[in-house]
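**Q** this one's structure only:
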C-alpha cells in the first residue's frame, strides 16, 4: 500500500508501484466443482514471505457457504483508481462465481491472514436488476463503484453485459451499459479513461461452456472472436474489432502508461496475441504480433493442438509481456519495447499436455526439437498446465496457477481434479 498521509489505496503511478514493498501473502480460489467431492470452493491464504517459518504454506482456508459456485477471478473493492481519495481502503476482496452467479465480498481488512465473509450478493440480484449472469472480471473504479463483466443472461445464453456494485454497501446498482446494443458474448475487460474507452472480450455462451469444449461449437458461432469497444463516459457500445473466427480472445490488457492508446489481447484457440490500438481516425484496430504454432499430435482430442493462450499480463514498466499456453505447458516472456514487434526473451515449461511419457505424441513441431520433461516439484509430478499468472510489483516473481475452468480441467487434465 502507499505510504501517504492523505492518499487512498494503491500508488500514484505504475512506476511508483514497482518500488512498493514485497508481497507477504497471496490469495487464491480453490475449486471443488467437477471433482466428484461435494465440498464448497474455498479461498486459500498462502504465506510467500521468505523470512517466515510458514513460507510457501497455506496458512488459512475460507470455505464458501454454498456448493458448486466455481470461483474464478478475483478483484478488489478499491485500488489505485481511488489513490486520490483518502477515505477509501483496499480491504475487501471481490469473488464472482462463474457458475452459481453469486458474488462473495470477503473481508481481508480485519485480519489479512484469516479472511472472512463480509457479504454475499445472491444470483437473483444480478438476474432481476441487470438481466445478466455468470460474472467474471471485477475491477474497482475511480468513482468508488465496482464493475463486473458477465458472460451471459439468466437463461445461459451469451450476453456481454456488465453489473455495477456500490463500493461501500456492495448492493447491485444495475447495469453499467446504456443502450440496446450489447455484444453477444462477454469475458474480460479493461479500461483507459484518458482515451474514453473500455475494451471487452468474448469467451463462449454459458450453456455451451457447461458441457466442456466441443470444436463444433466454434463452427456454430458459440465462441467469441471480437474485441468490443465501449465509450467510457456514456457506457455505450461503439465498435467490434474482429480477430477471426475461432480466435476466442480472452484476457485483455492496456499498457500501464495511462496516456498509451494501445495494449494486447491473447486469443486462446488461434494461439495469437494481437496488439490493439487507436487509429488516426479515432476508432480502434488490431494487428497480430505473436503467433504460437499448433503442434501436430497423436493421442489427443484433435490432430492439431493449439497452445491455448489463457492469461496474459504486462509488467508495470510496460517492458515485458507474459502469457501462458495452458495446453502446450509453457509460459513466455516477450520484450515489448517495440509493441509492434515483440521479441521472445524467456520461456519455461510447467507441465502441459505434451510432456514426455504422457499419452500424447508430438508428430510435428515448428518450435521444439523434443517433447519437454514433466514438471516435478519435491518429487511429485504436477498435473495440468500453467493458466493464471500474476507478476510481483517489482517484476521479479511470477505466480502461476493451473486450473482454467473445472469443466475444461476435467476434459483436458483429469488428473488435475483428482
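**A** On my side now, so go ahead. Predicted model only: the values in this text are computed from it and were never measured. Numbers count the residues shown, from 1 in each chain.

**Q** where along the stretch 151-300 of the chain do the helices fall?
**A** 206-209, 215-219 (DSSP state H, counting those that start in this stretch).

**Q** Ok, which of those helices comes nearest residue 41?
**A** helix 206-209 (17.2 Å; C-beta to C-beta). For the C-beta atoms, the positions are set from N, CA and C on the backbone; glycine is no exception.

**Q** number of nearby residues for the nearest residue to residue 355 once chain neighbours are set aside?
**A** In this structure, residue 355 finds its nearest non-sequential neighbour in residue 374, 4.5 Å apart by C-beta to C-beta, 6 or more residues apart in numbering. Residue 374: 16 surrounding residues under other C-beta atoms under 10 Å.

**Q** Name the stretch among the helices of the stretch 151-300 of the chain that sits most buried.
**A** helix 206-209 (a mean of 20; mean count of other C-beta atoms under 10 Å).

**Q** same question for it, mean pLDDT?
**A** For helix 206-209, mean pLDDT rounds to 95.

**Q** So what touches that helix?
**A** 133-134, 151-152, 155-158, 203, 214, 217, 222-223, 405, 407 (C-beta atoms under 8 Å, 6 or more residues apart in numbering).

**Q** sorry, back to before: from residue 408, how far out is the residue nearest to residue 355?
**A** Distance, residue 374 to residue 408, using C-beta to C-beta, to the nearest Å: 20 Å.

**Q** After the lowest-mean-pLDDT helix or strand in the chain, which helix or strand is next? Please name it.
**A** Least confident element among the helices and strands of the chain, by mean pLDDT, DSSP states H and E: helix 14-18 (a mean of 84). Using DSSP states H and E, the helix or strand that directly follows helix 14-18 along the chain is strand 25-30.

**Q** Could I get the buried residue list for that following strand?
**A** Using 16 or more other C-beta atoms under 10 Å as the burial criterion, the residues of strand 25-30 that qualify are 25, 27, 28, 29, 30.

**Q** Domains in the chain, by residue range?
**A** According to automatic domain parsing, the chain comprises the domains 1-133+163-176, 292-418.

**Q** mean pLDDT for these: which is lowest?
**A** Among these, domain 1-133+163-176 scores lowest, with a mean of 91.

**Q** rewinding a little: could you export the helices of the stretch 151-300 of the chain to TSV, including columns for distance to residue 284?
**A** Output for the helices of the stretch 151-300 of the chain, formatted as TSV (distance: least, C-beta to C-beta, whole Å):
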stretch	distance to residue 284
helix 206-209	27
helix 215-219	24
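
**Q** To residue 120, which of these lies closest?
**A** It is, among those and with distance given as C-beta to C-beta, helix 206-209, at 20.5 Å.

**Q** ok now that closest one, how far from the chain's centre?
**A** 18 Å (C-alpha atoms, centre = their mean, to the nearest Å).

**Q** shift numbering so it begins at 664
**A** Sure, I'll start counting at 664 from here, so that last one is helix 869-872.

**Q** pretty sure residue 1023 is touching residue 965, no?
**A** No: using C-beta atoms under 8 Å, residue 1023 is not in contact with residue 965, being 10.9 Å away.

**Q** hang on, the earlier thing: does the residue nearest to residue 1018 really touch residue 1017, like I thought?
**A** No: look at residue 1037 against residue 1017 with C-beta under 8 Å: they stay out of range, at 10.4 Å.

**Q** ok, what's across the strand from the closest residue to residue 839 other than its chain neighbours?
**A** The shortest distance from residue 839 to any non-neighbouring residue, by C-beta to C-beta, 6+ apart, is to residue 825 (3.9 Å). Counting by DSSP bridges, residue 825 is bridged to residue 812.

**Q** surely residue 825 meets residue 811?
**A** Yes: using C-beta under 8 Å as the test, residue 825 is close enough to residue 811 to be in contact (6.5 Å).

**Q** between these two, which one's more packed in?
**A** More crowded of residue 825 and residue 811, by other C-beta under 10 Å: residue 811, with 26 against 23.

**Q** show me the contacts for that one.
**A** 738, 757, 759, 766, 798-802, 825-828.

**Q** Then residue 775?
**A** Here residue 775 is in contact with 688, 708 (criterion: C-beta under 8 Å, 6+ apart).

**Q** and which of the buried residues of strand 688-693 is nearest to residue 927?
**A** Of the buried residues of strand 688-693, the one sitting nearest to residue 927 (C-beta to C-beta) turns out to be residue 691, at 23.9 Å.

**Q** now that closest one: how far from residue 798?
**A** 18 Å.

**Q** Let me know whether residue 865 touches residue 885 as I believe.
**A** No: contact criterion C-beta under 8 Å: residue 865 and residue 885 do not qualify, at 10.4 Å.

**Q** between those two, what contacts are shared?
**A** Counting by C-beta under 8 Å, 6+ apart, the contacts common to residue 865 and residue 885 are residue 821.

**Q** need the strands for the stretch 964-1081 of the chain, in chain order.
**A** Counting by DSSP state E, counting those that start in this stretch, the stretch 964-1081 of the chain has strands at residues 967-968, 972-977, 983-988, 993-998, 1006-1012, 1024-1027, 1039-1040, 1043-1044, 1052-1054, 1061-1063.

**Q** Give the partner strands of the longest one in its sheet and their orientations.
**A** Same thing as strand 1006-1012. Short version: by DSSP bridges, strand 1006-1012 pairs with strand 993-998 (antiparallel).

**Q** Surely residue 988 touches residue 1015?
**A** Yes: judged on C-beta under 8 Å, residue 988 makes contact with residue 1015 at a distance of 7.2 Å.

**Q** what sits in contact with each of the two?
**A** Listed as contacting both residue 988 and residue 1015 by C-beta under 8 Å, 6+ apart are 1048, 1049.

**Q** Correct me if wrong: residue 848 contacts residue 824.
**A** No: applying C-beta under 8 Å as the test, residue 848 and residue 824 come out as separate, 10.4 Å apart.

**Q** ok, those two, which is more surrounded?
**A** Neighbour comparison, residue 848 and residue 824: the larger count goes to residue 848, with 27 against 22 (by other C-beta under 10 Å).

**Q** separation between that one and residue 750?
**A** As defined by C-beta to C-beta, residue 848 lies at a distance of 37 Å from residue 750.

**Q** for residue 901, same thing?
**A** With C-beta to C-beta as the criterion, residue 901 and residue 750 are 33 Å apart.
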